[in-house]
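Enquirer: Below are the sequence and a predicted model for it; my questions follow.
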Amino acid sequence: MDEMARREFVGLGAAIAAGGLCGLKIQEALAQPLERLAQNVPTVVLGRTKWESKIVGLGTIFRPEGKWTEKESDAVIGMLVENGINLIETAAVYGDAEERVGRALRSARRDKLFLVVKSTKVTKEGLLKQFETSLAKLRTDYADCLMLHNYSTFIEYDRVMGAGGGFEALLAAQKEGKARFLGISSHGCSVIMAAMKSGKFDLFVLPYNAAHREFGRALDLAARLRANTLIMKPFGGSGLLKYNDKDPLQHPTTLSVAECLGYVLSRPGASMAIPNMSTPEQVKGVLAAAASFRPLGAEEKKAIEAKGDRAHAGVCLECPKPCDKACPTSVPVSYIMAHVQDMHRLGYNHRRWGDEYQVLAHDFMDCDGCGECEKACPRKLAIRKELEHYEKTIRENRFADVLMFEKMYR
């Protein structure tokens, strides 16, 4: 088996040879200049695309909390591109991200960069029109990979893959030389697995991190099929890097950028990570973690998973969970409260966690508000209030979110 085939088969962690800055500890790496870090990030071959990419690319949702000016973000994007970070992932619905990337491409050698462009439209006509607009904003005449963006339910997936659907636009763009490869991003585990099995796509974008491991079965399939995956949300939407000691539900645990990236990049089936870097400090942390990356051992992974579980499930994780036994209608109170804590860390308007389309035998809709769970809770948490808020956020707001995405983007 040649080296390229071996790397495709065994996954990223076992394929990276020693070299660069991988012998440095993270604190030593952080002391290096940005340019040297970017230049020494290891590489991996992305399957049948044959593209040799750095193990971290640039995701381009420039979050408001980063408070980057155009000048600051342009400088960082330019620096990354100039020093070898050679995969950028963007989308038509990421605010002004395409314009910012376009300004960076203006001064970069286009053939040295792999550009992933994601389009949301469900019809062939709509997607082709949106894609042409994206190319104009990006100041290029082709995408290295054109993707269907955020198709996470089978209703939507079947629509976009059917007659007259957006997938036909991908094929047309590829035939015209405007898209070299085809891909799909999804927040639905079963959907991304179906896309992998179809054999119609070259690259896949999916969420995975130390706290939200529901997509592990999709990565197992990717490893078996040698499908190449770009991992979004390696920091859990930044939630794994946050902690609020004034919140009674939060466990005093956060993960470092190095732990989050090391965990994801050591996972068989994960080809590379595409974190959103929202601050200059996070850019430095990501590059230092990537440049000094070495595959983690089994015990190291378990330790990071334990921290991820504490960050995700908060104070309810290590409780004996008498609330579950106390509930007369069999609501899995502790399970739901774990996700409540996750949303506390992210902010209650964040409606995505792991595989969004799980179905429980019993959930908060079975709650009759009797309060027995609160009587049994050792911490006397306001469980009914939290479940009511959670119900509104998950059921009502998530439904509104789907309708908004349909109206604005599809």
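Expert: Structure received. Residues are numbered from 1 along each chain as shown.
Enquirer: Low-confidence stretches in the protein?
Expert: Counting by pLDDT under 70, the chain contains low-confidence residues at 1-20, 62-68, 278-279, 348-362, 394-402.
Enquirer: any chance you could map the strands in it?
Expert: Remark: strands assigned in the chain by DSSP state E are 43-46, 51-54, 58-59, 87-91, 114-119, 143-148, 179-185, 203-207, 228-232, 272-273.
Enquirer: Any idea which of those gets closest to Ile192?
Expert: strand 203-207 (5.1 Å; Cβ to Cβ). Placement of C-beta: from N, CA and C, glycine included.
Enquirer: quick one: Met232 and Pro252, what's the gap?
Expert: Distance, Met232 to Pro252, by Cβ to Cβ, to the nearest Å: 27 Å.
Enquirer: between those two, which one's more packed in?
Expert: Comparing Met232 with Pro252 by other Cβ atoms under 10 Å, the one with more neighbours is Met232, at 22 against 11.
Enquirer: before we move on, the earlier item: just so I know, which of the strands of the chain lies nearest Arg379?
Expert: With Cβ to Cβ as the criterion, Arg379 lies closest to strand 203-207 of the strands of the chain, at 30.0 Å.
Enquirer: From the contact counts, what lies against the closest one?
Expert: Strand 203-207 sits against strand 114-119, strand 143-148, strand 179-185, helix 189-198, helix 216-225, strand 228-232, with contacts defined as 3 or more Cβ pairs under 8 Å, 6 or more residues apart in numbering; DSSP states H and E.
Enquirer: how about a markdown table for those, with distance to Pro248 added?
Expert: Formatted as a markdown table, these follow (distance: least, Cβ to Cβ, whole Å):
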| stretch | distance to Pro248 |
| --- | --- |
| strand 114-119 | 39 |
| strand 143-148 | 41 |
| strand 179-185 | 36 |
| helix 189-198 | 32 |
| helix 216-225 | 31 |
| strand 228-232 | 31 |
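Enquirer: Just give the nearest non-adjacent residue to Asp141, would you?
Expert: Nearest non-adjacent residue to Asp141, counting by Cβ to Cβ, 6 or more residues apart in numbering: Leu135, 6.3 Å away.
Enquirer: swap in Glu386?
Expert: Excluding the flanking residues, the one nearest Glu386 by Cβ to Cβ, 6+ apart is Val340, at 4.9 Å.
Enquirer: okay, now that neighbour: neighbour count?
Expert: Per other Cβ under 10 Å, the neighbour tally for Val340 reads 24.
Enquirer: again with the one 5 residues further on
Expert: Using other Cβ under 10 Å, Arg345 has 25 neighbouring residues.
Enquirer: Tell me if I'm right that it and Tyr243 touch.
Expert: Yes. Using Cβ atoms under 8 Å, Arg345 is in contact with Tyr243, at 7.4 Å.
Enquirer: domains of this structure?
Expert: As assigned by automatic domain parsing, the chain contains the domains 3-298, 319-408.
Enquirer: For these, give me JSON lines that also has distance to Ala313.
Expert: JSON lines is the format used below for the domains of the chain (distance: least, Cβ to Cβ, whole Å):
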{"stretch": "domain 3-298", "distance to Ala313": "7"}
{"stretch": "domain 319-408", "distance to Ala313": "4"}
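Enquirer: Can you tell me which of those is most buried?
Expert: Of the domains of the chain, the one with the most neighbours on average (mean count of other Cβ atoms under 10 Å) is domain 3-298, at a mean of 20.
Enquirer: For Asn185, list the residues it contacts.
Expert: Not quite, residue 185 is Ser, not Asn. When contacts are counted by Cβ atoms under 8 Å, 6 or more residues apart in numbering, Ser185 touches 118, 147-151, 204-206, 232.
Enquirer: So what sits opposite it in the bridge?
Expert: With DSSP bridges as the criterion, Ser185 is bridged to Val205.
Enquirer: List the residues that contact the residue nearest the centre of the chain.
Expert: Taking Cα atoms, centre = their mean as the criterion, Met232 is the residue nearest the geometric centre of the chain, at 1.9 Å. By Cβ under 8 Å, 6+ apart, the contact set of Met232 is 59, 185, 205-207, 274-275.
Enquirer: and with 6 Å instead?
Expert: Residues in contact with Met232, defined by Cβ atoms under 6 Å, 6 or more residues apart in numbering, are 205, 207, 274.
Enquirer: any idea how far the nearest residue to Ala258 once chain neighbours are set aside lies from Glu259?
Expert: Distances taken as Cβ to Cβ, 6+ apart place Ala289 nearest to Ala258, at 4.0 Å, with adjacent residues excluded. Going from Ala289 to Glu259 by Cβ to Cβ gives 8 Å.
Enquirer: and of the domains of the chain, who's closest to Lys307?
Expert: domain 3-298 (5.4 Å).
Enquirer: Do you have the helices of the stretch 201-350 of the chain handy? List them.
Expert: Counting by DSSP state H, counting those that start in this stretch, the segments of the stretch 201-350 of the chain that form helices are 216-225, 257-265, 280-291, 298-313, 322-326, 333-346.
Enquirer: again with the stretch 1-150 of the chain
Expert: Along the stretch 1-150 of the chain, counting by DSSP H, counting those that start in this stretch, helices occupy 3-10, 12-15, 26-30, 34-39, 70-82, 97-106, 124-138.
Enquirer: Can I get those in JSON lines including distance to Lys178?
Expert: As requested, the helices of the stretch 1-150 of the chain are arranged in JSON lines below (distance: least, Cβ to Cβ, whole Å):
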{"stretch": "helix 3-10", "distance to Lys178": "26"}
{"stretch": "helix 12-15", "distance to Lys178": "29"}
{"stretch": "helix 26-30", "distance to Lys178": "39"}
{"stretch": "helix 34-39", "distance to Lys178": "29"}
{"stretch": "helix 70-82", "distance to Lys178": "21"}
{"stretch": "helix 97-106", "distance to Lys178": "15"}
{"stretch": "helix 124-138", "distance to Lys178": "7"}
